[in-house]
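In: Starting from these lines, generate the structure:
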Amino acid sequence: MKDNPVWRESLDIYFDEGHGFQVYFYMLVILAPLEFLSLYVPSLDVQMWSGSASLFKVSVTAALLLMVYFTLRVANQEFAPWRFKRLKHWLRDQALPAAAVSRGQVRFLWVHVGLSLVLCAPLLLWAGAIARTPAALIALTLLLLPFYAMSYGVWGLATLALWERSIESRQVFIRSFFVCLVFLSALFYLPLNPVAFVLALLSRQELPPLALFGGPWSGATIHLAFHFLVGAAGYAVHRWALAREPLS
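Out: Numbering: from 1, shown residues only. I've put the predicted structure just below:
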């Protein structure tokens, strides 16, 4: 993997040159004040610690949305786009296989998601301790966050490969995709929505089953299967877009 130039390029641009630091700064500067306000705004009256019960739920919801949103933007190369070489350079000029380009991009995305989780985890652990959330639930939510980020983040890579020459189209698609994630999934079947699923999990609520293929399927099974398929479809579109000729 060290010999993959796509991987090395992303590391150099985001970490050696520092263009990626703004991403993690934005995440922390949004999440930390939100936790503070969620906990202490109710303390302006006599119910001093009434905000602590929902602190972890608010924190996880915010971290989930922030991780998914910024993962989509990182995958779409919206930060320092002028520093990245075009896909045509790797696929044609350097004669790299589409699979090698894909591996470099996906593995860097994993690095970004992992670092995002490491930065958010202390705030989430603190919020979980304040809210007296069971350790098993905290661990489960920390596993779900990178799962969601990658399931949707690969669509940022697919968008980049499909419309590399049209930055505006890519940005519009990414933001529309994010809005659909948050709102439309809740309209059709609430357990598909990641925010609703996490909140139900933390509240120990039973998700309504879905009748499918002649039998009832649990809401958790439908939810996880749906997001696995979303991620698999995004990765398949990404690989197809890289391999197509001519590359547009």
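In: mind listing the helices for this protein?
Out: Using DSSP state H, the helices assigned to the chain run over residues 5-11, 21-40, 52-75, 87-88, 98-130, 135-162, 167-179, 185-188, 194-202, 219-243.
In: just those: most buried one?
Out: Greatest average neighbour count among the helices of the chain goes to helix 52-75 (a mean of 22), per mean count of other Cβ atoms under 10 Å. From N, CA and C alone the C-beta is placed, and that goes for glycine too.
In: related to what we said a few turns ago, mind telling me which of the helices of the chain the model trusts least?
Out: The stretch with the lowest mean pLDDT among these is helix 185-188, which comes in at a mean of 73.
In: For P81, find the nearest of the helices of the chain.
Out: Taking Cβ to Cβ as the criterion, P81 comes closest to helix 167-179 out of the helices of the chain, the separation being 6.6 Å.
In: which other helices and strands contact that closest one?
Out: Contact partners of helix 167-179 among helices and strands, from 3 or more Cβ pairs under 8 Å, 6 or more residues apart in numbering; DSSP states H and E: helix 52-75, helix 135-162.
In: hmm, who's touching that helix?
Out: 68-69, 72-73, 76, 78, 81, 152, 155-156, 159-160, 163-164 (Cβ atoms under 8 Å, 6 or more residues apart in numbering).
In: now the helices of the chain in a markdown table, with distance to P208?
Out: Supplementary listing: the helices of the chain in a markdown table, determined by distance: least, Cβ to Cβ, whole Å:
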| stretch | distance to P208 |
| --- | --- |
| helix 5-11 | 41 |
| helix 21-40 | 28 |
| helix 52-75 | 20 |
| helix 87-88 | 43 |
| helix 98-130 | 27 |
| helix 135-162 | 19 |
| helix 167-179 | 24 |
| helix 185-188 | 13 |
| helix 194-202 | 10 |
| helix 219-243 | 6 |
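In: quick one on the thing from earlier: mind putting the contacts of helix 167-179 into JSON lines with distance to W7?
Out: Formatted as JSON lines, these follow (distance: Cβ to Cβ, whole Å):
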{"residue": "V68", "distance to W7": "22"}
{"residue": "Y69", "distance to W7": "23"}
{"residue": "L72", "distance to W7": "20"}
{"residue": "R73", "distance to W7": "19"}
{"residue": "N76", "distance to W7": "17"}
{"residue": "E78", "distance to W7": "19"}
{"residue": "P81", "distance to W7": "18"}
{"residue": "Y152", "distance to W7": "21"}
{"residue": "W155", "distance to W7": "20"}
{"residue": "G156", "distance to W7": "17"}
{"residue": "T159", "distance to W7": "20"}
{"residue": "L160", "distance to W7": "15"}
{"residue": "W163", "distance to W7": "23"}
{"residue": "E164", "distance to W7": "18"}
